[in-house]
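J.: just coords:
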């Protein structure tokens, strides 16, 4: 008999508001430890809002969010401790322009550990090796290509060896080759390190092939949760419109996916 994997992130009846407006509601979702999950959907549907709730930046109006079996804390001290176990790859990279790649990756280690400079140098070198940037260690962010800058930001996100990595639109601004490199790198890290990885994206074709689970956010909630294969096989009009990039369908471009069309939720 197979044993169900432990849960890295669990959302139970979650509602998320911004400015007094419900952005997402009725969210029920389990993300297994060690999995790679794509959270997909049109721009403006609340994908990054979901990420903000998992990190504790946004407190749910209703429901409960758990990370590794514990509810996301609401005190500054509790949030700091939880966030040490999270790696976050920001959409804009967030690299400090006046620091070299090495200095950027070392920042979390200096801030949150008591390791010696020698130990930090060793860890930074290992992280840069993992993302293929050892030769760029002494370069500044302005000297990096888009794909290199994204890999440098990834190395920094992994500096504290977090068991959970959250990636917010990691392919924005990248060409197809760089996008493929980033997604294959994330998958390799997921498999070799046992890293749980959540990828927020609207890049369907680059993201789905390397993920174990797909979640589609639309119309203020979860329109689909299941395997990438089940998503691609679905004949639901909303999902087909999103996957095919059709202008006409249940999703309104002007409404950024918030129209009150009936939601369909498939599961594999």
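T.: That came through, no problem. As the structure is a prediction and not an experimental result, all values here were calculated from the model.

J.: Would you agree residue 86 is in contact with residue 51?
T.: No: applying Cβ atoms under 8 Å as the test, residue 86 and residue 51 come out as separate, 10.2 Å apart. All C-beta spots, glycine's among them, are computed from the backbone N, C-alpha and C.

J.: can you list residues touching both of the two?
T.: Common neighbours of residue 86 and residue 51 (criterion: Cβ atoms under 8 Å, 6 or more residues apart in numbering): residue 166.

J.: which residues of the stretch 1-150 of the chain fall in strands?
T.: Secondary structure of the stretch 1-150 of the chain (DSSP state E, counting those that start in this stretch): strands at 7-18, 21-32, 36-40, 62-67, 70-71, 86-89.

J.: of all those strands, which lies closest to residue 97?
T.: Residue 97 lies closest, by Cβ to Cβ, to one member of the strands of the stretch 1-150 of the chain: strand 86-89, at 17.7 Å.

J.: Against which helices or strands is the closest one packed?
T.: Applying 3 or more Cβ pairs under 8 Å, 6 or more residues apart in numbering; DSSP states H and E, one finds that strand 86-89 contacts helix 146-157, strand 164-168.

J.: one step back: which of the strands of the stretch 1-150 of the chain sits most buried?
T.: Stretch with highest mean neighbour count among the strands of the stretch 1-150 of the chain: strand 36-40 (a mean of 26; mean count of other Cβ atoms under 10 Å).

J.: ok, residues contacting that one?
T.: The contact list for strand 36-40 (Cβ under 8 Å, 6+ apart) reads 31, 47, 50-51, 186-187, 190, 196-202, 204, 207-208, 210-217, 228, 242.

J.: Check stretch 46-59 too.
T.: Stretch 46-59 is contacted by residues 9, 14, 16, 18, 23-24, 27, 39-41, 60, 65, 67, 72-74, 79, 82-83, 86, 88, 91, 166, 168-169, 198, 200-202, 217, 220 when judged by Cβ under 8 Å, 6+ apart.

J.: okay, how far is it across that stretch, tip to tip?
T.: 14 Å (Cα to Cα, to the nearest Å).

J.: Could you do stretch 79-92 as well?
T.: 23 Å.

J.: tell me which residues in it are buried?
T.: Neighbour counts using 16 or more other Cβ atoms under 10 Å place 82-83, 86-91 of stretch 79-92 among the buried residues.

J.: go on, stretch 97-105?
T.: Neighbour counts using 16+ other Cβ under 10 Å place 100-105 of stretch 97-105 among the buried residues.

J.: Dump the strands of the stretch 1-150 of the chain to JSON lines, plus mean pLDDT and distance to residue 125.
T.: Shown next, in JSON lines, are the strands of the stretch 1-150 of the chain (pLDDT from 0 to 100; distance: least, Cβ to Cβ, whole Å):
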{"stretch": "strand 7-18", "mean pLDDT": "96", "distance to residue 125": "28"}
{"stretch": "strand 21-32", "mean pLDDT": "94", "distance to residue 125": "31"}
{"stretch": "strand 36-40", "mean pLDDT": "96", "distance to residue 125": "26"}
{"stretch": "strand 62-67", "mean pLDDT": "96", "distance to residue 125": "29"}
{"stretch": "strand 70-71", "mean pLDDT": "94", "distance to residue 125": "33"}
{"stretch": "strand 86-89", "mean pLDDT": "93", "distance to residue 125": "18"}
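
J.: Out of those strands, the one nearest residue 238 is which?
T.: strand 36-40 (12.1 Å).
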